[in-house]
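Asker: have a look at this prediction, sequence included:
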Amino acid sequence: MEEFRQTYLRLCKDAGLEPQESVLTQLQEVRGAGGSTRLDLAGHSLSADTCAVLGRVLHQDTLFTEVVLSDCMLSEEGAKLLLNGLCSNTTVKVLDLKGNNLRGSGAETLGKLLVRNKTLRRLILEWNALGVWDEAFSIFCEGLGSNGCLTQLDLRNNQINHQGAAELSLALKRNGTLQELDLRWNNIGLLGGRSILEALQQNRTLLQLHMAGNNIPSDTLKALEQSMGHNSDRQSTLRESRCRSQVLTKEIQNLKNEKGRQFISLMDTIDQQREEMGRVSRTSSVRAGHLQDALSERKSAVNSLTAKLAMTEAALAMSEQKAHNLGELLTRMKMEKGEQQERYSREMKKEQEDSVLREGKLLREVHTTVEKNLQLKSKVEEMERRCKAQQDQIFELKQELANTTAELKLRLAQAEERLEMEKKRSKHALDDLDTLRQKEVDHMNRHLEESERSLQDRILKLEGQRIQLEEELSRTKAAGVTERAQAEEELGKVRAQVRLEEQQRLSGMEEKLRATRQSRDESQTHCSQQKQAIAELQAKNGQQSLEMEGLRRRIQELQQELSGKDQEKVAEVSRVRVELQEQIGHLEAERTAQGGLKEKIAALEREMKVLGSNHREAILDKESEISSLFEKLRLREAEIQRMREDEAQRASFLQNAILTYVQGSPLGHYSPKK
């Protein structure tokens, strides 16, 4: 550690920089700890120059195996210099860059680090912003895909979207060493979750995947968990198969060694016996020669020579007995080998029977899932029929509303025409009365003309006010008609979208169906309330027509009473004003009622939109369930096929091992001499 500190000071001196106190104190603490392999600079703000010096120091191999640079406020340039220094390092295995807000250039440099570094095992990148720039994150993902040493990667809170998840899925398809990946609290979403799920179908090494806080549906999360479970099961089965193969190879090797030792010992005994028999034969021949030479001289030694010959014959018989025993040993060894072969064959048969039973269970599960799919399809068809019936009912209700509004418009138009006719008649009657009164009463012309002028001015003012009110009513009616047309157009668009989505997606849930039934009942109640409101409006129109007839009668009475006094005329005009104000109040009340009807129509439209969104959500949920079921079926079929292939490989491996053992064993080639 002192050497590392001295190199840091030397490089700072060469660069003309003052060494950073926080780094020196940390190096002093590391040196004082004695033998520590962790460089912890967490929480110390490092400048770009300090990062450059540290990068040059870490460019060489050091004693550090773990570098912690979390919350160091690294700039883009400083992080680039530091990571470039780590590219050729072969000692650092853990790198912590948490909370440094790394973005575009940092992500690109990390990708280059993953391509060039061959010793890094764990990389912590929590609380950064690698996913902000798609191009830089794609470079990082390319580096991850080509990396062959990283096993743990932490990418929490990095603003990764669905496009970044797609790039990451491509990297996972290529990577074959990563075992743990943390993607919590990002913005991956449904599309990103599906792309990662597709990548996990090819990746067989990833064992832990954390995806919380990414707005991913529950079915996709369950599918990801299932794929992780499949990977762990696959790893466990691979380990078990490797252990079994190792045990079998060890047993076969032990058997080969034992057979070799037995064969070597047997060959040694046979060689010894052959040497003994050779020595015995040589000695006997020498003795026979000597006896033949001395036969003429020593006839008395014939008996001893015959005894010695008998002894040699007995020795030969003993050697033949030993050879016979060795042949029996060989036959017993062959029998034991046959029994071992039979035992192996029985074990293979048991394994095949177990595999057949497993295949039967999996086929039954597949049949049950197919039946469930058929039931779900039937339920979907029932839901579609019910939805169509509800749409037909809603269409009928809207047609009834349109008919009622058209009838109201016609009645209002007829009432306005009647008002105009009555006005014209009243004007003609007034003109006739004025001419008659001018002929009859000449001396009251001046007073009457003045009073008539004042009354006509007031009547004109009242008519102008009435015309303004009628114009306002017509404007409000036109606005209501346009709003209704817009609402009907929006409803038509929404219906078209809903129909297309229903034709494309075939699913629904019973709980959502109950909700739609309740909403249908509510819509029916709202429609009944609207019908009641329409009936009230019709009653109000009848009352208005009655009031108009009363006004006509009152106008006739006023015309008859014009021959009276001026005071009575003034009183009648004031009473007409009061009545007109009351009518204005009634019209304003009707306008407010129309506004309430508009609000009710808007509320109904909002409810229709909510119902459509709920129905769409139900369809999406059911579609995701069906896709997960199909995915399960596909995974089960792949597992069955893989198990069959593994069992076939095991059987072929055992058969080849037995054949090689039988063919290569020396006992199979040796035939004892009897």
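Answerer: Great, that's in hand.
Asker: now do the contacts for the closest residue to residue 230 other than its chain neighbours.
Answerer: Of all residues not flanking residue 230 in the chain, residue 635 sits nearest, at 6.6 Å (C-beta to C-beta, 6 or more residues apart in numbering). The way it works is simple: take the backbone N, C-alpha and C, and place the C-beta from them, glycine included. Applying C-beta atoms under 8 Å, 6 or more residues apart in numbering, we find residue 635 in contact with 226-227, 230.
Asker: residue 518: which of the residues you listed is nearest?
Answerer: For the contacts of residue 635, the minimum distance to residue 518 (C-beta to C-beta) is 35.1 Å, reached by residue 226.
Asker: the closest one and residue 193: what is the separation?
Answerer: Distance of residue 226 to residue 193, computed by C-beta to C-beta, to the nearest Å: 13 Å.
Asker: so the two - more neighbours on which side?
Answerer: residue 193 (24 against 16; other C-beta atoms under 10 Å).
Asker: circling back: okay, the contacts of residue 635 in CSV with pLDDT and secondary structure next?
Answerer: Below are those laid out as CSV (pLDDT from 0 to 100; DSSP: H, G, I helix; E, B strand; the rest coil):
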residue, pLDDT, secondary structure
226, 91, helix
227, 90, helix
230, 90, helix
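Asker: closest to residue 629 out of those residues?
Answerer: Among those, residue 226 lies closest to residue 629 (C-beta to C-beta), at 11.8 Å.
Asker: report the distance from the longest helix belonging to the chain to the chain centre.
Answerer: For the chain, the helix that runs over the most residues, judged by DSSP state H, is helix 302-440. The chain centroid and the centroid of helix 302-440 are separated by 18 Å under C-alpha atoms, centre = their mean, to the nearest Å.
Asker: check contacts around the closest residue to residue 142 other than its chain neighbours.
Answerer: Once flanking residues are discounted, residue 142 sits nearest to residue 111: 6.0 Å by C-beta to C-beta, 6+ apart. By C-beta under 8 Å, 6+ apart, residue 111 lies in contact with 139-144.
Asker: next: residue 128.
Answerer: Counting by C-beta under 8 Å, 6+ apart, residue 128 touches 97-103, 106, 157-158.
Asker: state the distance from the residue nearest to residue 230 to residue 653.
Answerer: 26 Å.
Asker: what's around residue 130, how many residues?
Answerer: Counted with other C-beta under 10 Å, the neighbours of residue 130 add up to 25.
Asker: A helix includes it, no?
Answerer: No - per DSSP: H, G, I helix; E, B strand; the rest coil, residue 130 lies outside any helix segment and is coil.
Asker: wait, it sits on residue 155?
Answerer: Yes - with contacts defined as C-beta atoms under 8 Å, residue 130 counts as touching residue 155 at a distance of 7.1 Å.
Asker: helices along the protein, start to end?
Answerer: Assigned by DSSP H, the helices in the chain fall at 2-15, 21-33, 48-58, 76-86, 104-116, 134-146, 162-174, 189-200, 218-293, 302-440, 445-504, 510-560, 566-664, 666-669.
Asker: buried stuff in the fifth one?
Answerer: Of the residues in helix 104-116, 104-115 count as buried by neighbour count, 16 or more other C-beta atoms under 10 Å.
Asker: OK, contacts around residue 359?
Answerer: 640, 644.
Asker: go again with 10 Å.
Answerer: Counting by C-beta atoms under 10 Å, 6 or more residues apart in numbering, residue 359 touches 640, 643-644.
Asker: scan the residues you listed and report the most crowded one.
Answerer: Neighbour counts for the contacts of residue 359 (other C-beta under 10 Å) peak at residue 640, which has 17 neighbours.
Asker: just give the nearest non-adjacent residue to that one, would you?
Answerer: Nearest to residue 640 is residue 362, by C-beta to C-beta, 6+ apart, at 5.2 Å.
Asker: I'd like to know how many residues surround the one you found.
Answerer: 15.
Asker: surely it and residue 638 touch.
Answerer: No - using C-beta atoms under 10 Å, residue 362 is not in contact with residue 638; the gap is 11.1 Å.
Asker: who touches both of those two?
Answerer: With C-beta under 10 Å, 6+ apart, residue 362 and residue 638 have no common neighbours.
Asker: quick check, pLDDT for residue 333.
Answerer: On pLDDT, residue 333 comes in at 77.
Asker: tell me, how many residues neighbour it?
Answerer: So residue 333, with other C-beta under 10 Å, has 16 neighbours.
Asker: could you measure from it over to residue 654?
Answerer: Taken as C-beta to C-beta, the span from residue 333 to residue 654 is 21 Å.
Asker: repeat for residue 68
Answerer: In this view, residue 68 and residue 654 are 51 Å apart by C-beta to C-beta.
Asker: check residue 208 too.
Answerer: Distance, residue 208 to residue 654, using C-beta to C-beta: 34 Å.
Asker: those two: which has the busier surroundings?
Answerer: Between residue 208 and residue 654, residue 654 has the larger neighbour count (other C-beta under 10 Å), namely 18 against 13.
Asker: next, the contact list for that one, please.
Answerer: 245, 248, 252, 344-345, 347-348, 351.
Asker: ok, residue 122 next?
Answerer: Residues near residue 122 by C-beta under 10 Å, 6+ apart: 66, 93-96, 150-154, 180.
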